[in-house]
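**Q** no sequence on hand, only this structure:
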């Protein structure tokens, strides 16, 4: 089961939430890494 995680953007330094739904999406596609940037910086 996934839970929302708070991550820090490596670009702007702001915190952003990596939601449970996004984590599931990443896992389904085999992505190994968590996002490094917030949505505004992507």
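**A** Cool, the structure landed. This one's a predicted model, so the numbers in the text were calculated from it and none came from an experiment.
**Q** contacts only, for the residue nearest to residue 9 when sequence neighbours are not counted.
**A** Excluding the flanking residues, the one nearest residue 9 by C-beta to C-beta, 6 or more residues apart in numbering is residue 38, at 4.1 Å. Any C-beta I mention is one placed from the backbone N, CA and C, and that applies to glycine too. Contacts for residue 38 (C-beta atoms under 8 Å, 6 or more residues apart in numbering) come out as 9, 11, 12, 14, 16.
**Q** which of those fall in helices?
**A** Of those, none are assigned to helices by DSSP state H.
**Q** what sits against the residue nearest to residue 11 when sequence neighbours are not counted?
**A** Of all residues not flanking residue 11 in the chain, residue 41 sits nearest, at 3.9 Å (C-beta to C-beta, 6+ apart). The contact partners of residue 41, taken as C-beta under 8 Å, 6+ apart, are 9, 11, 12.
**Q** would you agree residue 9 is in contact with residue 34?
**A** No: if you go by C-beta atoms under 8 Å, residue 9 and residue 34 don't touch, sitting 11.4 Å apart.
**Q** looking at those two, which is more packed in?
**A** Each of residue 9 and residue 34 has its neighbours counted (other C-beta atoms under 10 Å); residue 9 has more, 17 against 11.
**Q** buried set for the helix or strand hosting residue 25?
**A** Following DSSP states H and E, one finds residue 25 within helix 20-28. For helix 20-28, the neighbour count (16 or more other C-beta atoms under 10 Å) marks 23, 26 as buried.
**Q** what's the answer for stretch 10-19, then?
**A** Quick answer for stretch 10-19 (16+ other C-beta under 10 Å): 16, 18.
**Q** start the count at 28, not 1, going forward
**A** Sure, I'll start numbering at 28, so the last one becomes stretch 37-46.
**Q** quick check: end-to-end length of that stretch?
**A** Taking C-alpha to C-alpha, to the nearest Å, stretch 37-46 runs 18 Å from one end to the other.
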